[in-house]
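Visitor: Here is the input, now give the coordinates:
(chains A and B)
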Amino acid sequence: AQSVTQPDIHITVSEGASLELRCNYSYGATPYLFWYVQSPGQGLQLLLKYFSGDTLVQGIKGFEAEFKRSQSSFNLRKPSVHWSDAAEYFCAVGGKAAGNKLTFGGGTRVLVKP
Amino acid sequence: GAVVSQHPSWVICKSGTSVKIECRSLDFQATTMFWYRQFPKQSLMLMATSNEGSKATYEQGVEKDKFLINHASLTLSTLTVTSAHPEDSSFYICSARARWASLETQYFGPGTRLLVL
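Guide: Numbers count the residues shown, from 1 in each chain, chains lettered A, B, ... in the order given. Next up is the predicted model:
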């Protein structure tokens, strides 16, 4: 069965500092990996996705993620955080072997200090 | 493009009543729609997958008689919570897979918050 672990429940960063959110997955075949952001009381917005090819993926809002097969990881990064980046971030895995259903991690809540 | 709406955004109902939540793909045809449930400070849990014109497929542990899903057209899916109870209070989010997009891409609605008194 597929699963996603986001080890950090909360992360607090200062505005302008860099941010890295960890994501580890378990999947028996070629994974499709996603990062979504959820603002309070809102639905999910896709930040970026990895299907194949270049393992460093660029997304919206200045985010990027790197797929490392050997570590079963897909960590999300942003060089300089803005106050508007405060939100909940979810990593998800899916793929053909799972009928293209998504399995989400527990989420990481990011707080941004002024 | 690829906008998904949900209606209502908020609903409060009395215990024992039924509540219908609509999920619409506004600018594309959705071959498949998904319904998720999210409890406070928790992740999204897939409840069911619905394909247009066919019965929904429910995840293990989800009562299909409790959560009725209808996917009557390529742009509309509805989730009806029947005989709602306080434990059904949650944030319900739908997503849609576009006909033209890769199978893995889902577009999410803004969610519906249900409070059962």
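Visitor: low pLDDT regions in chain B?
Guide: B:1, B:99-104 (pLDDT under 70).
Visitor: which parts of it sit against chain A?
Guide: B:4, B:6, B:34, B:42-46, B:49, B:93, B:95, B:97, B:102-111, B:113 (Cβ under 8 Å from any Cβ of the partner chain). Just so you know, the C-beta spots here come from the backbone N, C-alpha and C atoms, and that holds for glycine as well.
Visitor: can you do 10 Å?
Guide: B:2, B:4-6, B:9-10, B:32, B:34, B:36, B:38, B:41-46, B:49, B:57, B:59, B:91, B:93-95, B:97, B:102-113 (Cβ under 10 Å from any Cβ of the partner chain).
Visitor: Quick check on these: which are buried?
Guide: In the residues of chain B next to chain A, burial by neighbour count holds for B:2, B:4, B:6, B:32, B:34, B:36, B:38, B:43-46, B:49, B:91, B:93-95, B:97, B:104-113, counting by 16 or more other Cβ atoms under 10 Å in any protein chain shown.
Visitor: Helices of chain B, start to end?
Guide: Shown for chain B, no helices are assigned by DSSP state H.
Visitor: so the most centrally placed residue in it bridges to which residues?
Guide: Geometric centre of chain B, nearest residue: residue B:35, 3.6 Å, by Cα atoms, centre = their mean. Assessed by DSSP bridges, residue B:35 has beta-bridge partners residue B:48, residue B:94.
Visitor: Return the residues in contact with it.
Guide: B:21, B:23, B:45-50, B:56, B:58-59, B:62, B:67, B:69, B:77-79, B:92-95, B:109 (Cβ atoms under 10 Å, 6 or more residues apart in numbering or on different chains).
Visitor: what's the closest non-adjacent residue to residue A:21?
Guide: With Cβ to Cβ, 6 or more residues apart in numbering or on different chains as the criterion, residue A:21 has its nearest non-adjacent residue at 4.3 Å, and that residue is residue A:76.
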